[in-house]
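Peer 1: after the sequence you'll find the predicted model.
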Amino acid sequence: MVSLKSLNSEQKKAVEYDGGASLIVAGAGSGKTRVLTYKIAYLIDKGYAPESILALTFTNKAASEMKERIKELIGTKAQYLWMGTFHSLFAKILRIESGALDFSVNFSIYDTEDSLSLVQNTMAEMNISTETVNPNAVRHRISFLKNHMITPAVFRKKMMTSFIDEKIADVYERYQQRIQEHNAMDFDDLLLKPIELFRKNPKIHQKYKKKFQYILVDEFQDTNKAQYELLKMLVNKEEKICVVGDDAQSIYSWRGADLTNMLNFEKDYNNAKTFRLEQNYRSTKTILAASDSVIKNNKDQISKTLWTDNQEGELVGLIKCSDEKDEAYHITRIIKDEIHNYKRGMNDFAVLYRTNAQSRVLEDVFRREKIPYLIIGGVEFYKRKEVKDIVAYLRVIANQNDEESLLRIMNFPQRGIGMTTIKRMTAFARRHEITLFDTMQRVFEVIDIKERIQKNVKGFRILLDKYIMLSDRLSVGELTRSLIDELGIIKLFKEESSYESLARLDNVQELLSAITDYSTEHPNVKLNDYLQDVSLASDLDLLDETKQHVNLMTVHSAKGLEFPIVFVSGCEEDIFPLSNRFSTDASMDEERRLFYVGMTRAKEKVFVSHARSRYRFGEVAYQNRSRFIDEISSDTITEVTSGSGRKANRKSKKEIYYEYFENVDYVDFTQDKSKHIKVGSRVMHDKFGLGKVLQVIGAGDTQKVSVAFEGNNLKQLMLKFAKLKILN
DNA sequence: AGGCCCGTATGGCCC
DNA sequence: ATACGGGCCT
Ligand SMILES: Nc1ncnc2c1ncn2[C@@H]1O[C@H](COP(=O)(O)OP(=O)(O)OP(=O)(O)O)[C@@H](O)[C@H]1O
């Protein structure tokens, strides 16, 4: 029997409750995840078969950790649990039931980039100019509609308000048609198709409804409409469902998460029992008080009590910095001090930020200062071009209808199949209503392609056929290795031998060893399974709390995690809260929740830092410190910066330029020829001051330039006469 | 077909 | 700063 001794009485009640639907609402660090873990172990103990339990987590990483924990509690039978993210578990069901769908078992999973590329191709095909309609906005919109379960037809009938909407409806419709022809699903489809499947096919619906005797959901506050619908469809008559969440930690509304799921739960399951956990085991009293003082600025929230027996702890440290480099050096210094004074390990620290772009400077400084670190997120490994290209080969080998992948590799490595050829083949495919892959077979019928090129296409098709055949016989690892060999990719990057191409080479080799490892660990695995894991993998899987390095990640990625010491960096207006002119009150509240999530990751100590100036889009921007810093109750925060993390503050752009003119050589246009001047050149004029060249007009003696000087001052000057000095 | 250069945009969080 | 797409030249 699983011992519930390590739970408090309320946690225990929640674990032991087996009467029907239950909702656990509780604040950060109150042991929600722990309750879920024990509850699953407890249910198995009580007689529920592991394979009859459906447990949904927010990330794959959370799932595998929970599974490990349950294995420790009840042994290896835990491996039969249906535990994972919504996306991965329903993808699994879709593959099993693909026979009942208009998809075959080997369907591809399109990530955001693939979707965008499909949107672009669709728009091109429909002659919708990307000038009038931004493809990425369209992709967003389509995904939003899908997340809210709005079909093209419904959208057309009820929601269109503009000419652009009409175009979007057209693209949406065509997109759905194409993705189906490609035998592919995007992330949203992984949730929508099961709903469709269950609706159309009551037998299959009943099968799963019967199969899953108990459903448990972690991070319920961030589920979307489709996920809610799926739960409702699958829950059995006794309503054996347990969801846990914290409305104050809802931070994914931008991808369709809908808090009303949580607010309406008690209405939809009218026998639902609600449990509240009020004791926080994670953080110090100070951290709780500080984070609470921030979150209470949000109007709408479920009121919750949260207290802790933990120590008072240290005050939140406020780090004031001159710029982002200074910030990185301050953080470095504090990490070194903490390690020196309190014998902490590198893995005790997490540096969090609002946007991935902010990791760059931290990375540079940590490298220089010899602080070992791991960046989670950013340009993820499987999103790198060279890696995606190779994965695209595997996807085509698994699913020849996957046109987005086929287009990616058609001319990689270069084999003389250019844009024009691809356009002609695509046109042929559409005309004859066949796939692009089949068109390659019949390329000799595409008469507007030159014979030499036709041969290239045919050669490529033969190569693919060979690997499609081999894919049954070779392991995923062997297949990839031999493919990379034959394509000469390694040689290609070696020969180019630029810094970038060598980095690419590294990535290809890393991919190869990752695939080989995967093959060894899962000897009988199908290419499909591997590809699915890759599509749904996240960088978070790399996180290893036992490894001696500082962890860098976005606050979003840090959800559900905990670290002894947490830095919340870049706390400046416009960055955290991130905002733009479209920002709303609601998005401000979500930013605040995000900040709350960041602070509450800490067990012992939180630092918040802000920089007076920071590079953004190649320009220095000055920003006030975040309102969230000011919302932290003053008796829980103290400044820890006396002096600067490093010497030299950033000077304003103006200062830099003036200094430059005083100290550095410049070209005087009255003497030198004008060949140095070009659009974008920075220039100095005695009377007008600093400026930037917008246009160079004419040549020779009459050559003129148009310059934007400071203060929105536009001038046209004759180069011959104007006393212009130029900066290189 | 492919390479190069220029202009322009750059809203970010993730399964 | 940087990356990407479009247009132009070879
Ligand atoms: N009864 C308990 N006794 C001791 N430690 C506990 C207890 N309950 C939870 N903890 C510890 O408190 C910490 C937070 O627990 P957990 O991650 O389950 O909280 P949570 O509510 O899911 O947090 P969050 O919502 O912030 O992600 C963990 O380190 C966990 O081990």
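Peer 2: Now that the structure is in, tell me what you want to look at. Numbering: from 1, shown residues only, chains lettered A, B, ... in the order given.
Peer 1: sec struct for A:Arg614, please.
Peer 2: strand (DSSP: H, G, I helix; E, B strand; the rest coil).
Peer 1: same thing with A:Leu36?
Peer 2: helix.
Peer 1: shouldn't it be in contact with A:Phe58?
Peer 2: No - in this structure, A:Leu36 is not within contact of A:Phe58 by CB atoms under 8 Å, at 11.6 Å. Any C-beta I mention is one placed from the backbone N, CA and C, and that applies to glycine too.
Peer 1: any common contacting residues for the two?
Peer 2: The contact sets of A:Leu36 and A:Phe58 overlap at A:Asp218 (CB atoms under 8 Å, 6 or more residues apart in numbering).
Peer 1: which residue of those two possesses the greater neighbour count?
Peer 2: Using other CB atoms under 10 Å, the more surrounded residue of A:Leu36 and A:Phe58 is A:Leu36, with 27 against 19.
Peer 1: quick check: the gap between that one and A:Leu259.
Peer 2: Distance of A:Leu36 to A:Leu259, computed by CB to CB, to the nearest Å: 20 Å.
Peer 1: what about the residue in chain A positioned nearest to the ligand, how many residues close to it?
Peer 2: Nearest residue of chain A to the ligand (CB to the nearest ligand atom) works out as A:Gly31 at 2.9 Å. For A:Gly31, the neighbour count with other CB under 10 Å is 23.
Peer 1: list phi and psi for it.
Peer 2: Torsion angles at A:Gly31 (phi, psi; degrees, to the nearest 10) stand at phi 90, psi 30.
Peer 1: find me the pLDDT at it, would you?
Peer 2: At A:Gly31, the model reports a pLDDT of 95.
Peer 1: check A:Gln623 too.
Peer 2: Value listed for A:Gln623 in the pLDDT field: 88.
Peer 1: got the residues of the stretch 51-200 of chain A near DNA strand B?
Peer 2: A:58-60, A:85-88, A:111-112, A:134, A:187 (CB under 7 Å from any atom of the strand).
Peer 1: which of the residues you listed lies closest to A:Leu407?
Peer 2: Checking those against A:Leu407 with CB to CB, the nearest one is A:Asp111 at 15.0 Å.
Peer 1: which stretches of the stretch 201-350 of chain A form helices?
Peer 2: Per DSSP state H, counting those that start in this stretch, the stretch 201-350 of chain A carries helices over the ranges A:202-211, A:225-234, A:260-263, A:265-268, A:285-295, A:324-342.
Peer 1: near the ligand, which residues of the stretch 1-150 of chain A?
Peer 2: Neighbours of the ligand within the stretch 1-150 of chain A, by CB under 6 Å from any ligand atom: A:6-8, A:11, A:26, A:28-34.
Peer 1: dump those residues to TSV, plus distance to DNA strand B and secondary structure.
Peer 2: Output for those, formatted as TSV (distance: CB to the nearest atom of the strand, whole Å; DSSP: H, G, I helix; E, B strand; the rest coil):
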residue	distance to DNA strand B	secondary structure
A:Ser6	28	coil
A:Leu7	28	coil
A:Asn8	30	coil
A:Gln11	26	helix
A:Ala26	22	strand
A:Ala28	18	coil
A:Gly29	21	coil
A:Ser30	23	coil
A:Gly31	22	coil
A:Lys32	18	helix
A:Thr33	16	helix
A:Arg34	21	helix
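Peer 1: what residues sit buried inside stretch A:539-553?
Peer 2: A:539-540, A:542-543, A:549-553 (16 or more other CB atoms under 10 Å).
Peer 1: the residue of chain A closest to the ligand contacts A:Ser6, doesn't it?
Peer 2: No - using CB under 8 Å, A:Gly31 makes no contact with A:Ser6, being 9.7 Å away.
Peer 1: okay, now the unreliable bits of chain A?
Peer 2: A:160, A:497, A:581-583, A:643-728 (pLDDT under 70).
Peer 1: give me the subset of the buried residues of stretch A:539-553 touching DNA strand B.
Peer 2: Filtering the buried residues of stretch A:539-553 for neighbours of DNA strand B using CB under 7 Å from any atom of the strand leaves A:539-540, A:553.
Peer 1: closest one of those to A:Ile96?
Peer 2: Closest approach between these and A:Ile96, by CB to CB: A:Leu540, at 26.4 Å.
Peer 1: that closest one against A:Phe58, yeah?
Peer 2: No - the pair A:Leu540 / A:Phe58 is not scored as a contact, 9.7 Å apart, by CB under 8 Å.
Peer 1: ok, residues contacting the strand or helix carrying A:Tyr596?
Peer 2: Assigned by DSSP states H and E, A:Tyr596 belongs to helix A:585-599. For helix A:585-599, contacts defined as CB under 8 Å, 6+ apart pick out A:28, A:248-251, A:253, A:287, A:290-291, A:294-295, A:297-300, A:316, A:352, A:354, A:555-556, A:558-559, A:566, A:568, A:571, A:576-579, A:606, A:608, A:626, A:628.
Peer 1: just the ones in strands from these, please.
Peer 2: Secondary structure assignment by DSSP state E places A:316, A:352, A:566, A:568, A:606, A:608 of the contacts of helix A:585-599 in strands.
Peer 1: please compute how far stretch A:466-483 lies from its chain's middle.
Peer 2: 31 Å (CA atoms, centre = their mean, to the nearest Å).
Peer 1: now that stretch: buried residues?
Peer 2: By 16+ other CB under 10 Å, the buried positions in stretch A:466-483 come out as A:467, A:471, A:474-477, A:479-481, A:483.
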